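With the sequence up front, the predicted model follows.
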Amino acid sequence: MMSILGIEVGGTKLQLGIGAGDGSGFVAFERRDIDIAKGAAGILTQIEHTGHELVAAHPVQRVGIGFGGPVDSTLGRVIKSIQVAGWDDVPLAAWCEEKFGVPAVLGNDCDCAALAEASFGAGKDSRTVFYVTVGTGVGGGLVIDGKLHGKGRPAVAEIGQLRPGINADTPAATVESYAAGPGIVAAVMRCLETSDDEVAKHELRHWQKEESALNAKAVADLAASGNSIAQSAIHQATCVLGWAIAQVITLTAADVVVIGGGVSLIGEERFFQPLNREVARYVFPPLANSYRILPAALGEEVVVHGAVALAAT
C-alpha cells in the first residue's frame, strides 16, 4: 500500500496526514495553528519540522499539497496567498521534493477538497461533481469522471468570484461578498443603519454588547429566533449562492453539488432548504430534478484527503 504525505496549507491552520490515497483513514495526522505574522517562511518551517517527523516514522513515497490560494499546478508553484504574506511565486512542490526526497504535486485547496468528496465522500459514484466551500470565502472545484477539471489553468470553478447580475460591475461585487460569512455579517451591519425594525436592531446591538462579535452562525441563530435583519441577511446569502449554483448546474449538468465550509454548518432548515429553493428557482428547467445538493462528508480533513488522492493519481 502506498504511503503518501498530504499537506493542507490554509490561512489559519496547517494540517499534515499520512494516507494511502484510497479514502481510508490516516495512519498519522498533525494539526498546527499558523502565525500569520511569521508569513510564508514561518509556515515552511512548520512544514519542514512536522513533515520530517512524519517521514521519519512512515515510508513516504510521495507528497501532495493543497494550498489555500491560486496555484500553477503544472509548474508546482504558488501564485499568491490572500491571507498570508510571502507566498508570491513560490515553487512549493520543488521545495517539498528537496526537503523530503520524494516527488511532490501541488493543487488548490478547494480543488483537493473537490477531488476528495468526489472520490470518497458525498459525491462518490457520481459522474460530475461540483464542490463549494462557504466559509470566510466561497470557493469551488469541479471533478468530471474522477478527474479534476482545469489542470494547468491559473483558476477554475471559482464560483465565489461570479458577479451576481450585470450591475455587479466591480471586482468586489461577487457571490463571495454576499454569501461568505463576512458578507453575511456585513449585510447585517448595513441593515442596522437602515432598518425600521427597532426590536431587531435592539436585539442585534444587545448581542454585540454581550458577545462582542457577530459571525454567520450567530446571525443564523438570530434569524431562527425571528430577527428580521438577520433573516434578511441569511435570505440574501442563500439567494445569491443559489443563483450561482444554478448557473454552474446549467453549464456543467453536475449530478451532485457538495457544499462544505463553516457557513454550511448553519444546518438543513436555515441553510440547505432555502438554498435548494433558490437553486430550483434559477436552474435551467430541463435540468430540474437531475441533481442533488448534499452536505460535505469528510469534515475538516477533506483537503488533506484530497492532497493525498492528488499525489496518488
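The structure has been received and is ready for your questions.

Could you check how far the residue sitting nearest the centre point of the chain is from Leu298?
The centre of the chain sits closest to Thr133, judged by C-alpha atoms, centre = their mean, with a distance of 3.3 Å. Between Thr133 and Leu298 the distance is 12 Å, computed by C-beta to C-beta, to the nearest Å. Every residue, glycine included, has its C-beta placed from N, CA and C.

So for those two, which residues contact both of them?
113, 260 (C-beta atoms under 8 Å, 6 or more residues apart in numbering).

Report the spatially nearest residue to Thr12, omitting neighbours in sequence.
Among residues not flanking Thr12 along the chain, Ile34 sits closest, at 5.7 Å (C-beta to C-beta, 6 or more residues apart in numbering).

Actually, Thr136.
Gly181 (5.5 Å).

Might you report the residue contacts of the one you found?
Contacts of Gly181 (C-beta under 8 Å, 6+ apart): 134-136, 215-216, 262-263.

Likewise for Val84?
Val84 touches 11, 34, 36, 39-40, 43, counting by C-beta under 8 Å, 6+ apart.

The residue nearest to the centre of the chain is in contact with Ala113, isn't it?
Yes: using C-beta atoms under 8 Å, Thr133 is in contact with Ala113, at 6.4 Å.

Secondary structure element for Val143, which one?
Element membership for Val143 (DSSP states H and E) is strand 138-144.

elements contacting that strand?
With contacts taken as 3 or more C-beta pairs under 8 Å, 6 or more residues apart in numbering; DSSP states H and E, strand 138-144 sits against helix 109-120, strand 128-134, helix 175-179, helix 228-252.

which residues sit against that strand?
Under C-beta under 8 Å, 6+ apart, the answer for strand 138-144 is 108-115, 118-119, 123, 127-133, 148-150, 156-160, 174-176, 179-180, 241, 248, 252, 254, 261.

How far does the helix or strand following it sit from its chain's centre?
Proceeding N to C from strand 138-144, the next assigned helix or strand is strand 147-148, under DSSP H and E. Computed by C-alpha atoms, centre = their mean, to the nearest Å, the chain-centroid distance of strand 147-148 equals 17 Å.

Mind listing residues that contact strand 147-148?
107, 111, 114-115, 141-142, 310, 313.

That strand pairs with which strands, and in what direction?
Sheet pairing for strand 147-148, assigned by DSSP bridges, gives strand 138-144 (antiparallel).

Which positions in stretch 170-189 come out as buried?
If you call a residue buried by 16 or more other C-beta atoms under 10 Å, then stretch 170-189 has these buried ones: 174-181, 183-185, 187-188.

No more questions from me, cheers.
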